[in-house]
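Q: Using only what follows, build the 3D model:
(3 chains)
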Amino acid sequence: MSKINITIDNRKIEVEAGSTILEAAKNIGVEIPTLCHMNLHDLNVENKPAGCRVCVVEVEGRKNLAPSCATKVNEGMVIRTNNMRVINSRRTVMEFILSDHPKDCLVCAKNGVCDLQNMAAQLGVREIPNQEIYSMSEYRLDTSPSIIRNMDKCIMCRKCETMCNEVQTVGALYATGRGFDAVVSTPFHMDLVDTNCTYCGQCVAVCPTAALTEVDHTRAVIRAINDKSKTVVVQTAPAVRAALGEEFGLEAGHLVTGQMVAGLRQLGFDHIFDTDFAADVTIMEEGTELLDRLGKHLAGDKDVKLPILTSCCPGWVNFFETQFPDMLDIPSTARSPQQIFGSIAKTYFAEQLKIKREDMIVVSVMPCVAKKYEAQRDEFKTDGNPDVDISITTRELAQLMKQANLDIKTLPEEEFDQPMGESTGAGVIFGTTGGVIEAATRTAYELYTKKTLENVEFKQLRGMEGIRSATVDFDGFDLKIGIAHGLGNARQLLNDIRDGKSDFHAIEVMACPGGCIGGGGQPYHHGDSSILKKRAAALYTEDERKVKRKSHTNPAVIKVYEDFLGAPMSHKAHQLLHTNYFDKQQEGPEIVKGDDCTSCN
Amino acid sequence: MAIVCEKDQLQEQHLLKIKEICNTFNKDHSELINILHGCQGYFGYLPAEVQEAIALEIDMPVSKVFGVVTFYSFFTMKPKGEFPISVCTGTACYVRGADKLVDEFQRELGIDVGQTTEDGKFSISTLRCVGACGLAPVVMVGDKTYGHVSPKMVKKILKEYKTK
Amino acid sequence: MSKINQHILTCGGTGCRASESKELAQNLRDEIASNPAIEGSVKVVECGCFGFCEKGPIVKMLPDNTFYTQVKPTNAKEIIEEHIVKGRKIENLLYTDPVTKEVIDESKNMGFYKKQHRIALRNCGFVDPENIGEYIAREGYEALGRAIFEQEPQVIIDTIKASGLRGRGGGGFPTGLKWEFTKNAKGDQKYVVCNADEGDPGAFMDRSILEGDPHSIIEAMAICAYAIGANEGLVYIRAEYPLAIDRLKIAIKQAEETGLLGDNILGSDFSFKITIKYGAGAFVCGEETALIQSMEGLRGEPNLKPPFPAESGYFQKPTNVNNVETLANIPVILNKGADWYASMGTEKSKGTKVFALAGKINNVGLIEVPMGTTLREVIFDIGGGIKDGKKFKAVQTGGPSGGCLTEEHLDTPIDFDNLLAIGSMMGSGGMVVLDEDDCMVSMAQFYLEFTVEESCGKCAPCRIGNKRLHETLEKITQGKGVMEDLHQLRNMSEVIKETSLCGLGQTSPNPVLSTLDNFWDEYVEHVEDKKCVAGQCKSMLRYVITEEDCVGCTACVRVCPTNAITGTKKKPHIINQDLCIKCGACMDKCSFDSILLIA
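A: Numbering: from 1, shown residues only, chains lettered A, B, ... in the order given. This is a model prediction of the structure:
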């Protein structure tokens, strides 16, 4: 890249040609505020509508102000980011935005973590002149099992639209209306539950305000713990430990597993378990299923389809149920670790405690908002009682801990309880893209080849590219593996399968870019995708530290099969650990035959 | 003008028409606006069911279709009256009193701009410049243009259609 | 069969059609058909707009050039029997000058036409737009033929550059330069786009050109395509222009049949085809990046420039977008030369400009004058002055993006730069004249209402800021304003101009700023004295009953929706101002003119 010379705020600097003013200013430590710009470098995703106009700067020789996020630097450009002309405009634009924004900050879900609130504070906005005569946008509050849409708070940054359409290719959200009435919304402004939303929560992850937030279940957790008649069991997903620290000011990628356990114990949970345990069980089921299907397929059984697709991710499950209902027989039937955990907890563990399932409340801490929906699915209930009662996000756990004055930085490291706190390194890496398939490969290899796998690390399966493929030598047999994260990438692989162009034996899909570490329930990364890499690295570190790194070597897992489940894919395992998928394609318009239409006859 | 059945249902023949229109434009996403024009020309308006059918036919998220429909003022999701009244509120008509005509039509019909009378006969809308500035202020009822309209003429114009 | 020796030209533009000019043309044909003596020697031609819409429908008799105004379908018989058969002019259909009371029988002697110089409108009112032969007969497609066979693309671009032609859609960007950029842009596929999404309320020149002379646009697009190396063209036209669409379609078909469009035009290597794309009612789509989005089937939201369409436009290919009026000038410039064109106009604005003259003016219509003509000449000489003998107050140019100019600006020669310098702009050429009955605060409010409705909503200052401007203006016209609001208005306006994404937002506060500059006192009166001298702001007016005229009939009491009127029968009544909602129902009802509206 060639360099060019520019002047920013009277400082002459050399920057790379082709960079924007926003980027150039960052080089010299000048952070120009912006609300709508988002560049997820590693994911090749940029949201740049140049719509908020907060980032405007003065460029010498230009009549009006320039949006720094979308204006490229030229040789000799003279820029002012901070003179009073700029400040007045920036502040006035902020007043415009606030004049159409509710001012209930004290009780807002984003209080303290709101980009708009922070920027308003930075710009010193103290009043909105004439607010009393200004009309404000009003929309119906839309509550779904996972996500709440409060579009009164939408500032039209369009980040959610970019995530939903360009990254995820779901298309549940799109800009509607025009002018003052423009807002990102669902078709016909219907409720999310009536759309093809997968609840992946990527819209929530990028929303700068509280227009899109997760459904808050912290109150339900407090109520459960306070109920003395209930035994409250908590499970924590692998990706949570790699991100929770960020909520307490720690660097991204700082593992806080032990401190998290201590915090949960302080909060009053009766049993603190690890979803990683259930992840190991998942591998037992999914790995066995893979080998079963592979064996039959190689033997020439035409009814057995390959590739097998992973099914741990509830957003991904929702995606193929709504968008690829013709391919419901391809994914593994194994339930997700959250649900496997709930199922075992409310049977095997409840039996051990000698309590009824109704008296046990299973809480899950997930990096995910779709898990809230998954926990409510009818398939995962017994007589109306769900296997997982409450699912909260990493952010909600941080909230609960803060309410209880628990600081992750000062908590001691403690151990998970037994038996469902025991896990292997394979379970840990479930939290990042490529991790599930790597875990499955470790087990499947040994089961298939009957040999011991010396080097458990399959580096070829790791990385951040949206679609990856690798071939693993299974002692002479080449197992072809595909990996996709982000639903748009998953769609490409699915289309290939549908068109008969796919030669993979197994494919891992995660709905969120980066996998669970980039889930919709994680601490906000504010568009900094390097955070995702650090979280992934943390999980691989935890894997390295583990003595046991293959799921089938987990003693607690071996024991649960011996004592309770029998073998993987046994009848009991099927009943408790597998599921069915349903055609949830968006129905087209209802069609009536000419003769049946009462109003026409 | 075919009107979609009540109860938000499309008839088979309507679906065939939608498919035909989409095929005329090769289901090309860049022809969405032309497809919408075609469907509105046929149905008179673009109810949700029609948009859903278009989305399905051309394989586009229905949210996108809805986003486009709601962007352009020419497209409407509500059926217009049998005799749609359009008051020109372009500048030339405005300075010659178009706003008073809007008031008068609203008062006479008891509906607001954008609404249709209960009997389905009249609807009121405003439009920007029909280009007959020499006749300002101008009112259109269906395809018929009335020039130099005064508030007093409003009743008379309506009477023409009330008996139809 | 006898030879045609007389033509009757009728106006077939939208405005005159609204006054039954189509029926008139049919009646004329019927009359001719029923008269064996003249059948076959007289031809009725439905032309495009003559421009003099105020006096439409227009009928022009050839060869004697008699110009009849306000002709009704029932006049057909008289025209045939008197004018055609007996050769007698029909006095009461001739134009009478409102000032001199002189009866004028030819257009060239009428004030409305005297100062006009019609280049873009050269064929409107002269040719049958549905007959390519008539266009060809008036040097049509000559420039295209010459271009393809005799000229290098760069020569054409150099000619356009030398002519000084600037974009007539509003921006005023040099057309030749734009062509050159697109020509020099890298790309195997390029496009020529004609922007016919005319959206300024009160401007209808593009429609009139398409209705009256569609071939000039087709020819110009083909020339442009040849010059920049494109072979596909698109016309983006408002769906609200059915007549223009029909005529354009006919013209395209005729050009294709004649070998002037399609593969190997006139047997050359050059191929060019034109397709039509429809707008759907969004003013912002007049902005070229929004227009391109809309042509791609998307929401018409503008994108930041650069990249300019010349580099990355329709489907990211180099695209040249010109408006209708700009294109209409191209063939003439190439026929008559750059020097000829550049000899007209001012130093930086060459040629002529079409204006749609409307509002409180005697001669509403479409006019074309050389750049540099003064506002006074346009309004008083061509426009015939203010209607009903009222006093001139302001002229609004440039539509919703322009500003309101006053008496002191009347002698400004009109060109792109002069209008900008005095706080308005050329825009697409709307010119609305206002008189003493027009309230300037209400005018600003009117324009802002338009902008608020038409903002796409993509950027915050335009989406929200314009709404706030409108609401603040509304506060003032409702008599609730304070002086601080005027300062707010100015600051908000300036910031919206500085920070908006596209041309719509960058100009939308102009009506506010120009009225603040030129009619400050009127704003202050609204705010401080709660007074609207124009008598337009309802809330500042009071309905009062004059005691001497009121007979106490109680009609007003019965019609008042808020029971604001009280009084005993046969005694003068009074209106309680606190309850009055100023609906005016009482005044309409009173048979004794005893209710007055006072400021």
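
Q: got the contact list for stretch C:75-89?
A: Outside stretch C:75-89, the residues that touch it by C-beta atoms under 8 Å, 6 or more residues apart in numbering or on different chains are C:6, C:8, C:24, C:27-28, C:30-32, C:35, C:37-38, C:42, C:59, C:61, C:66, C:68, C:71, C:90, C:93, C:105. Where you see a C-beta, it was placed from the backbone N, CA and C, and this is true even at glycine.

Q: let's see 7 Å
A: With contact meaning C-beta atoms under 7 Å, 6 or more residues apart in numbering or on different chains, stretch C:75-89 is reached by C:6, C:24, C:27-28, C:31-32, C:35, C:37-38, C:42, C:59, C:61, C:66, C:90, C:93, C:105.

Q: now the residues you listed: which count as buried?
A: C:6, C:24, C:27-28, C:31-32, C:38, C:42, C:59, C:61, C:66, C:90, C:93, C:105 (16 or more other C-beta atoms under 10 Å in any protein chain shown).

Q: which residues are contacting stretch A:8-25?
A: Residues outside stretch A:8-25 that contact it (C-beta under 7 Å, 6+ apart) are A:1-6, A:27-28, A:30, A:32, A:34, A:37, A:55, A:57, A:66, A:68-73, A:79-82.

Q: Only the buried subset of these, as a PyMOL command please.
A: Entered in PyMOL, the line below selects the buried ones among the contacts of stretch A:8-25, by 16+ other C-beta under 10 Å:
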select buried, chain A and resi 4+6+30+32+34+37+55+57+66+68+69+70+71+73+79+80+81+82
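
Q: Filter the contacts of stretch A:8-25 down to the ones in strands?
A: Using DSSP state E, the members of those that fall in strands are A:3-6, A:57, A:66, A:79-80.

Q: before we move on, back to that, cross-check the contacts of stretch C:75-89 against chain B and keep the overlap.
A: When C-beta under 7 Å from any C-beta of the partner chain is applied, no member of the contacts of stretch C:75-89 is adjacent to chain B.

Q: returning to what we had before: mind putting the ones in strands among the contacts of stretch A:8-25 in CSV, pLDDT included?
A: Shown next, in CSV, are the ones in strands among the contacts of stretch A:8-25 (pLDDT from 0 to 100):
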residue, pLDDT
A:Lys3, 94
A:Ile4, 95
A:Asn5, 96
A:Ile6, 97
A:Val57, 98
A:Ala66, 97
A:Ile79, 97
A:Arg80, 97
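
Q: which of those lies closest to B:Phe25?
A: Of all these, A:Ala66 has the smallest distance to B:Phe25: 38.8 Å, by C-beta to C-beta.

Q: The residue nearest to the closest one when sequence neighbours are not counted: what's it in contact with?
A: Spatially, and ignoring its direct neighbours in sequence, A:Ala66 is nearest to A:Val59 (4.8 Å; C-beta to C-beta, 6 or more residues apart in numbering or on different chains). For A:Val59, the contacting residues are A:66, A:77, A:79, by C-beta under 7 Å, 6+ apart.

Q: Quick check: C:Ile156 touching C:Gly229?
A: No: counting by C-beta atoms under 7 Å, C:Ile156 does not reach C:Gly229; the two are 11.6 Å apart.

Q: More neighbours: which of the two?
A: The neighbour comparison of C:Ile156 against C:Gly229 (other C-beta atoms under 10 Å in any protein chain shown) goes to C:Ile156, with 24 against 17.

Q: Check the more buried one and give its pLDDT.
A: The per-residue pLDDT reported for C:Ile156 equals 98.

Q: who's in contact with the closest residue to it other than its chain neighbours?
A: The shortest distance from C:Ile156 to any non-neighbouring residue, by C-beta to C-beta, 6+ apart, is to C:Ala227 (4.4 Å). C:Ala227 is in contact with C:153, C:156-157, C:179, C:183, counting by C-beta under 7 Å, 6+ apart.

Q: Relative to chain B, how far out is C:Ala227?
A: 26 Å (C-beta to the nearest C-beta, to the nearest Å).

Q: Quickly find the element holding that residue.
A: helix C:214-228 (DSSP states H and E).

Q: From the contact counts, what lies against the next helix or strand along the chain from that helix?
A: With elements assigned by DSSP H and E, the helix or strand that comes after helix C:214-228 is strand C:232-237. The contact analysis (3 or more C-beta pairs under 7 Å, 6 or more residues apart in numbering or on different chains; DSSP states H and E) places strand C:232-237 against strand C:191-196, helix C:242-257, strand C:273-278, helix C:288-295.

Q: ok, the helix or strand that comes right after the last one: who's next to it in the sheet?
A: In other words, helix C:288-295. Using DSSP H and E, the next helix or strand after helix C:288-295 towards the C-terminus is strand C:319-323. Applying DSSP bridges, strand C:319-323 is found paired with strand C:191-196 (parallel).

Q: Show the average pLDDT along the strand it pairs with.
A: The pLDDT scores in strand C:191-196 average 97.

Q: Now tell me what touches it from outside.
A: With C-beta under 7 Å, 6+ apart, strand C:191-196 has contacts from C:169, C:206, C:210, C:217, C:221, C:224-225, C:228, C:230, C:232-238, C:286, C:288, C:291, C:313-314, C:317, C:319-324, C:327.

Q: just the angle between it and helix C:242-257, please?
A: Using axes from the mean of the first three to the mean of the last three C-alpha atoms, to 10 degrees, the direction of strand C:191-196 lies 150 degrees away from that of helix C:242-257.

Q: And the contacts of whichever helix or strand comes after strand C:191-196?
A: Next helix or strand after strand C:191-196 toward the C-terminus (DSSP H and E): helix C:205-212. For helix C:205-212, the surrounding residues in contact (C-beta under 7 Å, 6+ apart) are B:131, C:13-14, C:47-49, C:120-121, C:123-125, C:129, C:196, C:198, C:217, C:241, C:243-244, C:247-248, C:323-325, C:328, C:354, C:356, C:366, C:429.

Q: Show me which of those are buried.
A: B:131, C:13-14, C:47-49, C:120-121, C:123-125, C:129, C:196, C:198, C:217, C:241, C:243-244, C:247-248, C:323-325, C:328, C:354, C:356, C:366, C:429.

Q: Give me the below-cutoff pLDDT ranges for the chain.
A: As the question left the chain open, I've gone with chain A. Along chain A, the model assigns pLDDT under 70 to residues A:1, A:586-601.

Q: that answer is for a different chain, and I need it for chain C
A: In the predicted model of chain C, residues C:1-2 satisfy pLDDT under 70.
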